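S.K.: predicted model follows, preceded by the sequence.
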Amino acid sequence: MRNVACALTIAGTDPSGGAGIQADLKTFQELQTYGMSVITSVVAQNTTGVQDVHHIPLSMIQKQLDSVINDMPIHAFKTGMIANIDMMEAIKAKIKDLHIPYVMDPVMVAASGDPLIATDAQKFLREELLPLTTIVTPNIPEAENITGITIQSEEAMQEAAKLIVHTYGAEAALVKGGHFTGDAIDFLYDGEAIHRFQAKRIDTTNSHGTGCTLSAAITAYLAQGDSLYNAVKQAKDYITKAIMHSFDLGHGSGPTNHFAPRMEEIKQ
Ligand SMILES: Nc1ncnc2c1ncn2[C@@H]1O[C@H](COP(=O)(O)OP(=O)(O)OP(=O)(O)O)[C@@H](O)[C@H]1O
Ligand SMILES: Cc1ncc(CO)c(N)n1
């Protein structure tokens, strides 16, 4: 029996603590999962946008991966920002034989609109990394980018989720409706059925790192041995509460609140 669930995130950083590696580790910790991280890029960013990016040398990304993989148990992992094809190739080589749940947040553009990965890397991500994933969690623009279809309805979200599974070989796709108006509706397609997750839209501009947090929560639940459906269901609940109780910090889109689910439990 596992004495602790262990999860790894491979992603970029956010010194303001709302997105990237920092959001992932906070989420793992909050969900009682032992968190580990491999940093791909150090990003100077905050709630207002991205100020600069420094890519970690390839050999150092490879060594970080070796350090973790050769020593630690990993029950599930996620990838976030992987800035270019060279990094993607190196990461692919290290993860392809892990045979544990792989959650991909196909990060392309920050919530502020700043690009986080090279344009030619999008093709590599689609064709080489997507087939390895247990679940990929695109927002609407990312789902449009991957599938080439325009998404303006719930039907189109479902069609995109199916295309991502059947055309690109992801095991499952969660197309997130955070960028729509109305309720926050996400669709999961697991190769067999479409599942709909609906939450009331919270009236807030504090959306910095919501995608990172949701995918990290899915990873934590999968590391704990939950089924894919249960992992997504609980992660949706987690992100909804974290947005509901988000912090008005910084001068732009504030961060979500990782203590919120626990605070609610305590109050009940
Ligand atoms: N205002 C909101 N109220 C409730 N839920 C929301 C809201 N905004 C986003 N969500 C939910 O948050 C999760 C993340 O979705 P979103 O589309 O914001 O991801 P993203 O764009 O990848 O995030 P990021 O800002 O990190 O790039 C989804 O479950 C989505 O439905
Ligand atoms: C490092 C990083 N990954 C992902 C996002 C998307 O929210 C971000 N802003 N920064």
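M.R.: Here it is on my side, so go on. Numbers count the residues shown, from 1 in each chain. Ligands and ions are numbered 1, 2, ... in the order given.
S.K.: relative to the whole chain's centre, how far out is the helix or strand of the chain with the lowest mean pLDDT?
M.R.: Lowest mean confidence among the helices and strands of the chain (mean pLDDT, DSSP states H and E): helix 260-267, at a mean of 76. Averaging C-alpha positions (Cα atoms, centre = their mean, to the nearest Å) puts helix 260-267 23 Å from its chain's average.
S.K.: what are the contacting residues of that helix?
M.R.: Outside of helix 260-267, the residues within contact range by Cβ atoms under 8 Å, 6 or more residues apart in numbering are 30, 237-238, 241-242, 244-245. (C-beta placed from N, C-alpha, C; glycine too.)
S.K.: among the residues you listed, which one lies nearest to ligand 1?
M.R.: The nearest member of those to ligand 1, counting by Cβ to the nearest ligand atom, is Met244 at 7.6 Å.
S.K.: is stretch 106-121 anywhere near ligand 1?
M.R.: Yes. Stretch 106-121 lies within reach of ligand 1 by Cβ under 6 Å from any ligand atom, at Ala111.
S.K.: may I see the buried residues of that stretch?
M.R.: Across stretch 106-121, burial judged by 16 or more other Cβ atoms under 10 Å covers 106-108, 110-111, 116-118, 121.
S.K.: out of the contacts of helix 260-267, which end up buried?
M.R.: With burial judged by 16+ other Cβ under 10 Å, the buried subset of the contacts of helix 260-267 is 30, 238, 241-242, 244-245.
S.K.: quick revisit: of the buried residues of stretch 106-121, the lowest pLDDT goes to which?
M.R.: The lowest pLDDT within the buried residues of stretch 106-121 belongs to Ala111, with 73.
S.K.: for that one, give its distance to Asp226.
M.R.: 27 Å (Cβ to Cβ, to the nearest Å).
S.K.: ok, Gly250 next?
M.R.: From Gly250 to Asp226 the distance is 33 Å (Cβ to Cβ).
S.K.: the more surrounded of those two?
M.R.: Neighbour tally, Gly250 and Asp226, criterion other Cβ atoms under 10 Å: the higher count belongs to Asp226, 19 against 16.
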